[in-house]
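> Sharing a sequence plus its predicted fold:
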Amino acid sequence: MKAVNKNNRVASPLVEDNRKRQQYEFIELVLAYEGLITNQRVREHFSVSNVHASRLIAGYRELFPKNIEILSGEGRGKYTVTSRFKAQVAKLSIARYFKVAGSSGAHVETESVQYDLTNIAPEKFRTIHSAIVHKKAVKLLYRSMSTPSGAERIIHPKALVFAGRRWHVRAYDERNGEYRDFNLARMESLFPTDTEQLLPADESWNNYVKLHLVAHPTLLKEQSELIRDELFEGATSRVVTVRDALVNYVLRELEVSTDADTQTPPEYQVFLKRVERKLQE
């Protein structure tokens, strides 16, 4: 079984060079989701010469001949997906296709209903971004529902998280002596500070858990089968691995019920059967 790396690519032992793997991932995703890859498409996407593009396609064909074949009768430089296609470099998902290849080539109209309603000034982001990169602390005024006018804090940012509708900052909070998530849009008067403090490990961030998801137990048999086919590839359940600190965000984003009696269909069609703890990664 091929391992999947953090960039959602299948770590094929046949493609060791990272740059070549990215190029082959593009070719593979276009083949999988559009059915056709051309010399021109590769040339324009990577800003390479006609010869270089031909070599890239030829290299992919040599490694994975069962995936791609010449499109005969349509002119030179056109290749089509085969009926024996099987992903060798890319982890197939529509989201990955749009991220890697969907912005190039033939235009297909798409819309997204995922909106970021917050208004975050660039200078705020720059301050937090710099603090993460240089491992510095930030002094700020943080507004919350309990203190809407704001309270002064010193935090040590470590990561940015986009959770549905908002950007959050994972940071160690000197005031509470623990790691917390802070809404970036609720931060005011941000200033870098040279405060020195030995920070503890963020166990909740470093540790991963497995969420075992099933169709909601109150669904009818036919409805459960629909959910399995739609979300679990026909299986009775699906396992999602996430950071422990992000579990609630993921459950909310996926609309997963944690209480079968109060969180019911049609709003909730997936149920959290159990949470499995993993060793630190």
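Everything's here; your move.
> who touches S49 in this structure?
Residues counted as contacts of S49 (C-beta atoms under 8 Å, 6 or more residues apart in numbering) are R43. The way it works is simple: take the backbone N, C-alpha and C, and place the C-beta from them, glycine included.
> What's the local residue count around K221?
Neighbours of K221 under the rule other C-beta atoms under 10 Å: 8.
> This protein: helices as residue ranges?
Secondary structure of the chain by DSSP state H: the helices cover 18-34, 39-46, 50-63, 94-100, 122-134, 203-206, 221-231, 247-253.
> Out of the ones you listed, which gets nearest to E178?
The closest of those to E178 is helix 203-206. By C-beta to C-beta, the value is 9.3 Å.
> Let me see the mean pLDDT of the closest one.
Average pLDDT, helix 203-206: 95.
> Now that helix: buried residues?
The neighbour-count check on helix 203-206 (16 or more other C-beta atoms under 10 Å) flags S204, W205 as buried.
> so Q88 makes contact with I68?
No - using C-beta atoms under 8 Å, Q88 is not in contact with I68; the gap is 10.5 Å.
> Give me the residue ranges of the stretch 51-200 of the chain where confidence is low.
For the stretch 51-200 of the chain, the stretches with pLDDT under 70 are 103-107.
> let's see 80
Scanning the stretch 51-200 of the chain with the threshold set as pLDDT under 80 gives 73-75, 102-117, 119, 164-165, 195-196.
> Strands along that one, start to end?
Along the stretch 51-200 of the chain, the segments classed as strands by DSSP state E, counting those that start in this stretch run 68-70, 78-81, 137-142, 151-163, 166-173, 178-183, 187-193.
> any chance of those strands in JSON lines, plus mean neighbour count?
Putting these into JSON lines (neighbours: other C-beta atoms under 10 Å) gives the following:
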{"stretch": "strand 68-70", "mean neighbour count": "16"}
{"stretch": "strand 78-81", "mean neighbour count": "19"}
{"stretch": "strand 137-142", "mean neighbour count": "20"}
{"stretch": "strand 151-163", "mean neighbour count": "17"}
{"stretch": "strand 166-173", "mean neighbour count": "20"}
{"stretch": "strand 178-183", "mean neighbour count": "18"}
{"stretch": "strand 187-193", "mean neighbour count": "15"}
